[in-house]
Structures are given as structure tokens and as C-alpha cells.
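Chemist: predicted model follows, preceded by the sequence.
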Protein chains: 2
Amino acid sequence: MNTSRPTYSVIAKAANVSEATVSRVLNGDDSVHPERAKRVHEAVEKLGYKKNRVASALASGRTNLIAVVIDDDLSILQDPFWGTVTSGVSRVLMENGLQTVLMVSPVGSNEGGVAHYLKSGEVDGAIFFVLHSDALVNILKRQGLPLVITGTPHSSPDIPFVDADNFGGAYAATKHLFAQGCKKVAIITGDIGTTAAKQRLDGFLQVYREAGKVPAKGLICEGDYSFESGKEHAKKLLAAHPDLDAIFASNDLMAMGAITYLQDAGKRVPEDIKVVGFDDSLIAQTARPALTTIKQDVVALGEAAGNLMIAQLNGQEVEPVILPTELVIRASA
Amino acid sequence: MNTSRPTYSVIAKAANVSEATVSRVLNGDDSVHPERAKRVHEAVEKLGYKKNRVASALASGRTNLIAVVIDDDLSILQDPFWGTVTSGVSRVLMENGLQTVLMVSPVGSNEGGVAHYLKSGEVDGAIFFVLHSDALVNILKRQGLPLVITGTPHSSPDIPFVDADNFGGAYAATKHLFAQGCKKVAIITGDIGTTAAKQRLDGFLQVYREAGKVPAKGLICEGDYSFESGKEHAKKLLAAHPDLDAIFASNDLMAMGAITYLQDAGKRVPEDIKVVGFDDSLIAQTARPALTTIKQDVVALGEAAGNLMIAQLNGQEVEPVILPTELVIRASA
DNA sequence: AACATCCGCGAAACCGCTTTCACGGCTCTA
DNA sequence: TAGAGCCGTGAAAGCGGTTTCGCGGATGTT
């Protein structure tokens, strides 16, 4: 910055008031006489004044920065899911005069760069994605930092979170397969360390339970959300259960992996084996056959997270938010 | 923040030195006697001191914040491409002690929130993605803000940028199709308002030129990077040119759209018509047939952008970076 | 031995805004 | 009409670092 910008002192002189008054006017304190307020506004306008947010942050203790912490390595942003959530968050925050600071890094220990940054009071709040451990979150909570978790936390009941209705989605997907007449329905779960994967498995099991059955041995496989893992488990499933007639995969990518293997193995989808995914991502629409899947409103998820943060900053009590999911029937089941 | 953290004054007392010395030690000024520096470090360690970055920013004029500006609406982050670039940027910046401030918003005018924010000196630099207009960039440039553009700028020759070798990639893709014996090769370009789309078209044309031919009328169509647009143009192409034997699409999504239409129209890919995409995104790998495409190292793109920013902050002269692209041969061509 | 240099260090000003505090002038009550 | 209570306002003290400036002593030069 070579061109120095005006400060309060300049504005104050131009408007013939004190700096304190300038501050009051610019922060919406209505105890200032309208006439003087008007003079201040005019001076601001005329001189093209922009408040220095850093100085403001130092003096007030509010930075207007919210951290979005993605507790994972970089590859995670290649999944459009988190990119989309992030944009939702970012938009809501921006509308409320807050900026989004993005931190993509395995949080792991409580002493890494991210932890350090969050604890050093440079942000007014933090929104976590893909939380692998509650340790840091609990520490921050204790420090009084407003927090929101996207996805269901493991063991921190008192931290506000937003999540999709994983259980309901998985239930609907599995129910749909049963309704199509499938007898032997398998599930490929996600990384079972995540609560979402667990909830989806629960939804799946619930359908079996209501039908008075239990899934045969080997029909429950633990994947890791990757294309390869879908392929691999489809192979194992088909080998162990030649009469398999449906697979519910915990995300679209694994569903695609499964379909790829099944087709290579000479099975027709959906005629021989039906497949349902989860997420309704782009690949679900471009796949052949187009993938039947569970749609989550990902932008809404981000917006909900942002709104939960705003509410907390305003001192409101907040409740966890569970967003509905929806079965999207396409060609694969 | 209820728990108040120690300040320089506390550290200074504990180490029995002045605040100035504490500052010097913590900023790596090696003119301090090792013995006293050691005392400072011990005090810092013992008291768990963390520097307040806001105060530091105010005093030094450096915020350690770099804006990543995506000049588009939210939907853009649903394209994993930008998410991936962002992670590359973020990692490099973080390694250099900088934080990433994400701003997803159509920049458009020079007076919106983003413009305001950038001009108010709260970031040490800005990296732009998907620039639709050079107006704001030129203003910021004039203010002396370090800038990096990801993608080739329209008309700002003096602003450092990073880009993939679009021309070379398109050239390789088209050349490959010719080498496979194709006679009638069409192109579906991206939004021709973007420099990348233009460069890809140029690469395509260059191959024709070298072969001493010109593409027949109607073989060049302008798409918009969407799946639908790929479908639509494939339809038009096939209608106008029943003997078409290859399509080069400017991104994978349009390539997939084209393949989808061709297959529905009873054409076999690659036997009847070969298709090449661009990006090597996830769908290229999951597609059936797997898509032959041009791979760009997207993470490297982000890292290059980050490094260009770091270099500028260090006062180094920087040159634009063009990253190589690579033909990935799969099943579709 | 006398004088110019250099070096490590602390005092203090400063970055630009926020917020407390107290003061002068007014209105209100008894 | 004197005392209490309000209100709009400015002076000034921070917020927590960074950086300039100059001092005292050690070193180097004739």
C-alpha cells in the first residue's frame, strides 16, 4: 500500500467533531445528533474513507473472521462436497460482514498450527468439517470460542452441529431396494470412524429389522468412500453371494466403483443387481446407468452452519440442525 | 475469550529484558545476545505465550492474510477443480505462515464487498481465480497490492499468473485423434470469453493447420463447460456430420455429455466415434468407457500460485508460470 | 592515548480504532 | 430556585505489538 488512506483523525477534522464521535457514527451508535452524524457521513464519503479492520479488531477484540477448519489433508477439497459446503458457509458469513478463513490441515494434536491459530484469538469463531477427534474442539469450547460442527460430533453433546439426516436417507435407500423386490441387499459403508457412516449403517439395519430379518453374514462391508473401495467390495460381495441383488453404497463414488466392477463381471445394472448411492453428486447424474441416490442439500448444509455461527455470535441459544435427505430415483435402482 | 493470555510486558518481565528485545527475539532478529534470547524463549515456553496476530498486524502493517478471490457465484466450488486449486494454494501459504481468506463472490463492480475488503488493506495479497474482468485487478495493482492470477488474464500483461498449458494440451489431444486415423475431428469449446477456452481452440486449430487442412464448417461449437452443453452439441454435430469420427471437448464434463448422447444415438465409443476430454477429473476415471483426456496437475497449479505470491511478498521479481499438461490415454480414444 | 565506529539494548512513539469517564448544559422535581 | 438526573460529547487511556532513536560500552584506528 503506497497510497495512505485517511484515518479517523482526518475525518474528525473534516467533519469538525471528535474521533470518538466518528467512531460512534460509524458503528451505528444513535446517540449522536443527526446533524453531526450527517457531517461525518459526508466527510467519509468525500474522502473515500474505509475503516481499517485490523485496528478495529485490535481495539474491539472482534476480528470478524471465522475459521473454516477442514480436519484432513488437501485431497479432501477434491471432493466437491466440501467445496460446496464451504461456499454455502462463506456466503452466509459474508452477508453478515464476516470473512471466511480457510484452514485445511489435519488438526490431530492440539498443538499444531491450526490449534495454535485458533487459540490465539484471531478468529471470532470456528466451523469444523470432517472432525476426526473432539479433543481440540473441547478445548476451544472451554475457552469460550463459538463453534459449529458440520457432521455429527462423536462425544461433544453441547456443541452445536448441523448434519444431514443420514439415518433417514439410508433408511429410504434401503427401503426402496426392498420395495423393488430385492431380497439380498448389501451395504458398503464409509469409514466407520465417522459418525455419518455409522448413522447410514443404522438406517440400513433398521429396514432389515422392520422386515424381521437380519443381513446375511458378509453383506456389511466397510469401505473408505473411494472409487476403488467400491470396486473391491463389489468383487468380494459377488464372490461370497452370487445371488446378491442390491447394493447400497454410502456415497456415490463407491456406488460407481461397484457398478463398474459389476458390469465388468457381466452383471446388468439394474436388471441383475440394483445399486443406490448417497450424496447426489455430479457423477450420479453423468453415470450410465444414471445413479439412484440420496440427495442432500449441500449448500443448505453450509448455510445452516453459517447461520448457527451467526446466531451464537449474537448471543442466541442454538439447537443442532438436521437437514432432510431425499431419495432420487434414476436408472440404477 | 475469557482466559486472558500473556503479553509482551509479562514475557519481558519474566525474562528480565525489555519488550523491544522480546519483539526482536520473536521476530528472529539475531542481534540479540544468545543468553538473553534463551531467557526470552524460556519465558515464552513457560507461560505458553502466543503472539497476538492482530496487534502484530496493526503495528507492522502486515496481516499475514492472503485473499483467494473466486470471481463467480457459489456453484463454482462444486467443480472440484477449484477446490483442488484452493487446497494447493492454502497449503503453500500455510507453510509460509500465511492464512487463506476465501472470498467467493462475483466481483463485478469495483465497489462491492470484495473490492472494498481488498482495498481496505486487510490482506497482504490476493490470488484471483476465474477472473471475468480485469477492472478490479488493475486498480489493486495500482495500489501496490501483490497479486496473482490463476488462469491467463485478458489484458493485464504485467500481473503474474499461473496457468496450465492449454494450447499444448489441446494440441496433444487433437494430434492423438489424428494419429488414431480420425479424419473428421470436431471441437466443443468452453465459454469462449475465457482465455483458457480460446487457447484450447488454438491448439486444436494448430493441428489442422499443420496437417494442411481446415476444419469443415460446423465442426467448431461453443459450449459452456456443462454436461448438457456437451450432449446438445454432440447432437448437432452428429446431425450435421454423420461421418464424424472424433470429438475433442474442452472439459471432461462436456466430453461425458457428448458420450452420453452418442451412446443413446447408437454410436459406439470409441469404435465409431472417439472422444477426448480435458482436465482428467474424477469423472474421467469413473466414466464408461473411461475417458481419454488431458491431465493438468491441479494441485501444482495452486501451489504455483501460492509460490508466486510468496515470491512477490519477498520482493522478488516473478515470471508467469505455465504448467505442462499430459495426454492420458484411456478407453474413449 | 585520543577519537571515530560499531553493537546490543531499552525508552518511547506509534499503528488506527474503541471505549470509558467525566464534564457542561438541560430538563425535571420538590 | 437549588439539587438531581440525563444526554451528547470530547479527552484520553488503552488494545498488544513494532520500530525508531539514541545511549553506553566495547572495539578499532592513528
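Modeler: Yep, it's here. Bear in mind the structure is a predicted one, so any value in this text is a computation, not a measurement.
Chemist: and stretch A:89-98, how far out from the chain middle?
Modeler: Distance of stretch A:89-98 from the chain centroid (CA atoms, centre = their mean, to the nearest Å) equals 15 Å.
Chemist: with stretch A:256-267 instead?
Modeler: Here stretch A:256-267 shows a centroid-to-chain-centroid distance of 30 Å under the convention CA atoms, centre = their mean.
Chemist: would it count as contacting chain B?
Modeler: Yes. Using CB under 8 Å from any CB of the partner chain, stretch A:256-267 reaches chain B at A:256-257, A:260, A:263. C-betas here are computed from N, CA, C, even on glycine.
Chemist: same question for stretch A:102-109.
Modeler: Yes. Residues of stretch A:102-109 are located near chain B by CB under 8 Å from any CB, namely A:102-105.
Chemist: for that stretch, buried residues please.
Modeler: Along stretch A:102-109, these residues count as buried under the neighbour rule (16 or more other CB atoms under 10 Å in any protein chain shown): A:102-107.
Chemist: and it, how far out from the chain middle?
Modeler: With CA atoms, centre = their mean as the basis, the distance from the averaged C-alpha position of stretch A:102-109 to the chain average is 15 Å.
Chemist: where along chain A do the helices fall?
Modeler: Counting by DSSP state H, one finds helices in chain A at the ranges A:8-15, A:19-26, A:34-47, A:53-60, A:80-95, A:113-119, A:135-143, A:166-179, A:195-210, A:227-240, A:252-264, A:282-286, A:298-313.
Chemist: next one: the fifth one to chain centre, how far?
Modeler: So the one you mean is helix A:80-95. With CA atoms, centre = their mean as the basis, helix A:80-95 stands 8 Å off its chain's centre.
Chemist: and stretch A:165-184, by the same measure?
Modeler: 24 Å.
Chemist: save the residues of stretch A:102-109 next to chain B as a markdown table, and put in distance to DNA strand C and pLDDT too.
Modeler: Formatted as a markdown table, the entries for these read as follows, by distance: CB to the nearest atom of the strand, whole Å; pLDDT from 0 to 100:
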| residue | distance to DNA strand C | pLDDT |
| --- | --- | --- |
| A:102 | 25 | 88 |
| A:103 | 26 | 87 |
| A:104 | 31 | 81 |
| A:105 | 29 | 78 |
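Chemist: and those, which is closest to DNA strand D?
Modeler: residue A:103 (20.8 Å; CB to the nearest atom of the strand).
Chemist: contacting residues around the closest one?
Modeler: If a contact means CB atoms under 8 Å, 6 or more residues apart in numbering or on different chains, then residue A:103 has A:67-70, A:114, A:117, B:90, B:94, B:99-100 as its contacts.
Chemist: ok so, going back, same list, the residues of stretch A:102-109 next to chain B, but as CSV with distance to residue A:304 please.
Modeler: Below are the residues of stretch A:102-109 next to chain B laid out as CSV (distance: CB to CB, whole Å):
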residue, distance to residue A:304
A:102, 19
A:103, 20
A:104, 21
A:105, 24
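Chemist: which of the residues of stretch A:256-267 next to chain B sits closest to DNA strand C?
Modeler: Within the residues of stretch A:256-267 next to chain B, the smallest distance to DNA strand C is 51.4 Å, found for residue A:256 (CB to the nearest atom of the strand).
Chemist: from residue B:172, how far off is the closest one?
Modeler: When CB to CB, to the nearest Å is applied, the distance between residue A:256 and residue B:172 equals 27 Å.
Chemist: bridging residues for the closest residue to residue A:201 other than its chain neighbours?
Modeler: With sequence-adjacent residues excluded and distances taken as CB to CB, 6 or more residues apart in numbering or on different chains, residue A:201 is closest to residue A:189, at 5.1 Å. Counting by DSSP bridges, residue A:189 forms beta bridges with residue A:222.
Chemist: same question, residue A:248
Modeler: Applying DSSP bridges, one finds that residue A:248 bridges with residue A:187, residue A:276.
Chemist: so it is in contact with residue A:173, correct?
Modeler: Yes. Residue A:248 is within contact range of residue A:173, at 5.1 Å (criterion: CB atoms under 8 Å).
Chemist: which residues does residue A:11 contact?
Modeler: Contacts for residue A:11 were tallied using CB under 8 Å, 6+ apart; they are A:19, A:22, A:40, A:43-44, A:47, A:49.
Chemist: quick check: the farthest pair among the residues you listed?
Modeler: Set against one another by CB to CB, the contacts of residue A:11 have their most distant pair in A:19 and A:47, with a gap of 14.3 Å.
Chemist: re the thing from before, buried subset of the contacts of residue A:103 as a PyMOL selection?
Modeler: Here is the PyMOL selection string for the buried members of the contacts of residue A:103, based on 16+ other CB under 10 Å:
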select buried, (chain A and resi 67+68+69+70+114+117) or (chain B and resi 90+94+99+100)
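Chemist: distance to DNA strand D and pLDDT added to the contacts of residue A:103, as CSV?
Modeler: As requested, the contacts of residue A:103 are exported to CSV (distance: CB to the nearest atom of the strand, whole Å; pLDDT from 0 to 100):
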residue, distance to DNA strand D, pLDDT
A:67, 19, 94
A:68, 25, 93
A:69, 23, 90
A:70, 28, 85
A:114, 19, 79
A:117, 14, 80
B:90, 23, 89
B:94, 19, 88
B:99, 15, 90
B:100, 20, 91
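Chemist: out of the contacts of residue A:103, flag the one nearest to residue B:278.
Modeler: residue B:90 (24.5 Å).
Chemist: enumerate every residue touching whichever residue of the stretch 151-300 of chain A sits closest to DNA strand D.
Modeler: Of all residues in the stretch 151-300 of chain A, residue A:159 sits closest to DNA strand D, with a separation of 26.1 Å (CB to the nearest atom of the strand). Shown in contact with residue A:159 (CB under 8 Å, 6+ apart): A:137, A:141, A:147-149, A:153.
Chemist: per-residue confidence for it?
Modeler: Per-residue confidence (pLDDT) for residue A:159: 91.
Chemist: state the distance from it to DNA strand C.
Modeler: When CB to the nearest atom of the strand, to the nearest Å is applied, the distance between residue A:159 and DNA strand C equals 26 Å.
Chemist: before we move on, what about residue A:190?
Modeler: Using CB to the nearest atom of the strand, one gets 45 Å for the distance from residue A:190 to DNA strand C.
Chemist: tell me what the lowest-mean-pLDDT helix or strand in chain A is packed against?
Modeler: Evaluated with mean pLDDT, DSSP states H and E, the helix-and-strand set of chain A has its lowest mean pLDDT in helix A:113-119, which scores a mean of 78. For helix A:113-119, the elements it packs on are strand A:65-70, helix A:135-143, judged by 3 or more CB pairs under 8 Å, 6 or more residues apart in numbering or on different chains; DSSP states H and E.
Chemist: list the buried residues of that helix.
Modeler: Residues of helix A:113-119 classed as buried by neighbour count (16+ other CB under 10 Å): A:114-115, A:117-119.
Chemist: equivalent analysis for stretch A:58-72, please.
Modeler: Judged by neighbour count using 16+ other CB under 10 Å, the buried positions of stretch A:58-72 are A:58, A:63-72.
Chemist: re the thing from before, of the contacts of residue A:11, which is the most crowded?
Modeler: Ranked by neighbour count (other CB atoms under 10 Å in any protein chain shown), the contacts of residue A:11 have residue A:22 at the top, with 28 neighbours.
Chemist: so it makes contact with residue A:13?
Modeler: No. In this structure residue A:22 lies outside contact range of residue A:13 using CB under 8 Å: 9.9 Å.
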